[in-house]
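**Student:** coords please:
(4 chains)
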There are 2 protein chains.
Amino acid sequence: MSRPTTTPARRAKAPVRERPPDAWVELLRGHATLTRRMDAALRELHGLSLNEYEVLLQLGFADEGRLRRVDLAERLLITQGGVTRLLAGLERKGLVDRANCESDARVVYAELTAQGRRKLASARRAHLEDVRDQFSSRFSASELKALGELLSRLSDADAGAAAC
Amino acid sequence: MSRPTTTPARRAKAPVRERPPDAWVELLRGHATLTRRMDAALRELHGLSLNEYEVLLQLGFADEGRLRRVDLAERLLITQGGVTRLLAGLERKGLVDRANCESDARVVYAELTAQGRRKLASARRAHLEDVRDQFSSRFSASELKALGELLSRLSDADAGAAAC
DNA sequence: ACCGTATACTTGAGCGGTAAAGCATCTCGT
DNA sequence: ACGAGATGCTTTACCGCTCAAGTATACGGT
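**Tutor:** Numbers count the residues shown, from 1 in each chain, chains lettered A, B, ... in the order given. Prediction:
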């Protein structure tokens, strides 16, 4: 009985009525939890934020290890302004470089440096393992597959389909 | 052949090797997509950010419509500093008030004002509907249930269980 | 009674994102 | 050829969060 009345009177104003789908609140909670964990691990081990890591990763996926900023923005689901800042940080760290496009003077590629590739390789190893741990400790292979499929619908086109 | 070489040379440095579980990337994408949509809708219709709404909601759930800041932080999965700032905004808008605790001078309750309750009621209606739309247009009832259950494991305790 | 530690909250610095405006360059129709 | 619009990028101003330090209060042991 030491804590001050966190829940002062058990009988009181009626709260609540309907609830949103559990899936929604669990999505929020799950994302927050997991994302924090991953971000913290990445920072500690490699000095990268989750998004910085994703940048390196996307560049790694790309041919020549380079991408236009606008494409990067699209893949990371952030705005172009955000990309500019993110890359500024990575450039400062020497992990990414800017490169001009011969055929279009407007575009500036973001390109992995040699150091960037090394950083990506080592971060990727640890991160992948980490992610897999988080998931495989909670889900069976088939659950994982199902979960992935279900979640993928959330970012699909503009839903709707069912309504019309 | 108009766009500048987004993918300059089709045959190039070998990228990629292993992939993280789809569930992880889909979680990130799905969360980003959905969360943006909800936040935008809430802002437009009620001038509330998603987190501000969650504050009102949590206060609405609580007895007397009040909560200690520290409890609020825990429920929203943000830090105490974040709560202070969030509440500052809501206090400015007159939706929340501060109230002292008789038994412990350290604690400051956040308490819904009458206006706050009204705002919550109307925002809640619209938001619930919106959320339900988003989900029911993509999932059947049983899928929804399954998804909720799977996602809930992400924020459960500290995983592990399976490993030991 | 008093000191040490724990707890509740606020504050300052900084980061990472957004939206919107601005600038440069490209492209297309006439 | 040139002007209108589209496109790629950066910048500005802001927001909302974190971390860490600072302040105030409470509590338990001696």
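**Student:** Just the angle for the longest helix that chain A contains relative to helix B:22-46, thanks.
**Tutor:** Longest helix in chain A, counting residues (DSSP state H): helix A:22-46. Interaxial angle of helix A:22-46 relative to helix B:22-46 (axes from the mean of the first three to the mean of the last three C-alpha atoms, to 10 degrees): 120 degrees.
**Student:** just for chain A, where's the confidence low?
**Tutor:** A:1-18, A:157-164 (pLDDT under 70).
**Student:** can you do 80?
**Tutor:** Within chain A, the segments meeting pLDDT under 80 span A:1-21, A:156-164.
**Student:** In this structure A:His31 contacts B:Thr33, no?
**Tutor:** No: A:His31 is beyond contact range of B:Thr33, at 11.6 Å (criterion: C-beta atoms under 8 Å). (Each C-beta comes from the backbone N, C-alpha and C, glycine too.)
**Student:** quick one: which of the two has more around it?
**Tutor:** The neighbour comparison of A:His31 against B:Thr33 (other C-beta atoms under 10 Å in any protein chain shown) goes to A:His31, with 21 against 17.
**Student:** show me the contacts for that one.
**Tutor:** B:27-28, B:31, B:154 (C-beta atoms under 8 Å, 6 or more residues apart in numbering or on different chains).
**Student:** could you redo the last one with a cut-off of 10 Å?
**Tutor:** A:His31 makes contact with B:27-28, B:30-32, B:34-35, B:77, B:151, B:154-155, according to C-beta atoms under 10 Å, 6 or more residues apart in numbering or on different chains.
**Student:** Throw those residues into JSON lines and include distance to DNA strand D, thanks.
**Tutor:** Conversion of the contacts of A:His31 to JSON lines gives the following (distance: C-beta to the nearest atom of the strand, whole Å):
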{"residue": "B:Leu27", "distance to DNA strand D": "18"}
{"residue": "B:Leu28", "distance to DNA strand D": "17"}
{"residue": "B:Gly30", "distance to DNA strand D": "19"}
{"residue": "B:His31", "distance to DNA strand D": "14"}
{"residue": "B:Ala32", "distance to DNA strand D": "15"}
{"residue": "B:Leu34", "distance to DNA strand D": "16"}
{"residue": "B:Thr35", "distance to DNA strand D": "11"}
{"residue": "B:Leu77", "distance to DNA strand D": "7"}
{"residue": "B:Leu151", "distance to DNA strand D": "19"}
{"residue": "B:Leu154", "distance to DNA strand D": "17"}
{"residue": "B:Ser155", "distance to DNA strand D": "14"}
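**Student:** Save those residues as CSV, and put in distance to B:Asn100 too.
**Tutor:** Shown next, in CSV, are the contacts of A:His31 (distance: C-beta to C-beta, whole Å):
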residue, distance to B:Asn100
B:Leu27, 41
B:Leu28, 42
B:Gly30, 42
B:His31, 37
B:Ala32, 40
B:Leu34, 38
B:Thr35, 35
B:Leu77, 26
B:Leu151, 38
B:Leu154, 37
B:Ser155, 32
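**Student:** out of those residues, who's nearest B:Ala88?
**Tutor:** Relative to B:Ala88, the closest of these is B:Leu77; by C-beta to C-beta it sits at 19.0 Å.
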